[in-house]
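Asker: return atomic coordinates for the entry below.
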Amino acid sequence: SSKCFRGAGLAVMNSDLSDGKNNVEIIFKSSPLGSQSHGFDAQNSFSLFAFGERLLVHTGQRDIHGSDHHKNWMHHTKSTNCITVNGESQLRNNAAALGEVALFKTSDVFDYVVGEAAKAYEGKLRRFTRRILFAKPDVVVIYDTVVANEASTFQYHLHAETEMVIDGRRMQ
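Answerer: I've put the predicted structure just below:
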């Protein structure tokens with residue numbers, strides 16, 4: 001039910017492909033092809049779908065190729081579920097914005113993917129390793145290791161179709 005397409009840099013993890021209403025799916029990107037053309041999602045970004053609903057999604061809708069929205073939102077790291085460094089995007093629409101699926105393991109009870117995407121940040125990072133453990137069917141753990149070349153701030157972007165509310169320590 002899960003598969004890694006290393007040449008494209010995509011890992012797709014599923015709990016139950018036979019029934020979309022019972023499936024949890026994670027789509028992870030860390031591509032050796034960069035982030036050009038239609039492969040504009042940021043390296044080490046992910047989307048999460050569960051039980052027939054889109055929970056964490058990449059955002060924006062392409063209006064016209066080359067429009068302000070297309071260039072400055074769709075190709076910006078902040079439009080995906082990923083991190084920005086000092087508010088800055090990974091390289092945009094660029095073959096040099098490299099990622100790599102470094103490890104992928106799958107079984108009936110868990111999937112595990114590791115991506116490395118420091119090269120996509122044009123020298124700002126020495127390391128951006130994202131690990132995703134999917135304990136099927138309903139536990140997802142994301143663990144990031146980020147090492148910058150100088151003191152930096154990191155912004156973790158998450159996008160949902162409905163407003164997220166934090167209630168104490170739980171997000172709803």
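Asker: give me phi/psi at Val12?
Answerer: Per-residue torsions, Val12: phi -120, psi 120 (degrees, to the nearest 10).
Asker: just checking, it touches Lys29?
Answerer: No: counting by C-beta atoms under 8 Å, Val12 stays clear of Lys29, with 10.0 Å between them. From N, CA and C alone the C-beta is placed, and that goes for glycine too.
Asker: those two: who's more crowded?
Answerer: Neighbours per residue, other C-beta atoms under 10 Å: of Val12 and Lys29, the larger number sits with Lys29, 26 against 17.
Asker: ok, the more buried one - contacts?
Answerer: Gly9, Leu10, Gly39, Asp41, Ala42, Gln43, Asn44, Ser45, Phe46, Gly99, Gly115 (C-beta atoms under 8 Å, 6 or more residues apart in numbering).
Asker: did I read that right, the last one in a strand?
Answerer: Yes: read with DSSP: H, G, I helix; E, B strand; the rest coil, Gly115 is one of the residues of a strand.
Asker: quick check, it in contact with Asn44.
Answerer: Yes: contact criterion C-beta under 8 Å: Gly115 and Asn44 qualify, at 4.6 Å.
Asker: more neighbours: the two, which one.
Answerer: Asn44 (34 against 26).
Asker: residues in contact with the more buried one?
Answerer: Contacts of Asn44 (C-beta under 8 Å, 6+ apart): Phe28, Lys29, Ser30, Cys82, Ile83, Gly99, Gly115, Glu116, Ala117, Ala120, Phe128, Arg130.
Asker: can you name the element that comes right after the helix or strand harbouring the last one?
Answerer: Secondary structure assignment for Arg130, by DSSP states H and E: strand 125-135. Later in the chain than strand 125-135, the nearest helix or strand by DSSP H and E is strand 139-148.
Asker: for the very next helix or strand once past that next one, give me every contacting residue.
Answerer: Once the chain leaves strand 139-148, the next helix or strand it forms, by DSSP H and E, is strand 154-156. Here strand 154-156 makes contact (C-beta under 8 Å, 6+ apart) with Lys78, Ile83, Thr84, Val85, Gly87, Val146, Ala148.
Asker: make TSV out of these and add neighbour count and pLDDT.
Answerer: Putting those into TSV (neighbours: other C-beta atoms under 10 Å; pLDDT from 0 to 100) gives the following:
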residue	neighbour count	pLDDT
Lys78	17	92
Ile83	22	97
Thr84	21	97
Val85	20	97
Gly87	11	94
Val146	19	98
Ala148	17	97
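Asker: please name the residues that touch the residue minimising distance to the centre of the chain.
Answerer: Central residue of the chain (C-alpha atoms, centre = their mean): Ser45, 1.3 Å from the mean position. By C-beta under 8 Å, 6+ apart, the residues touching Ser45 are Phe28, Lys29, His58, Thr77, Thr80, Asn81, Cys82.
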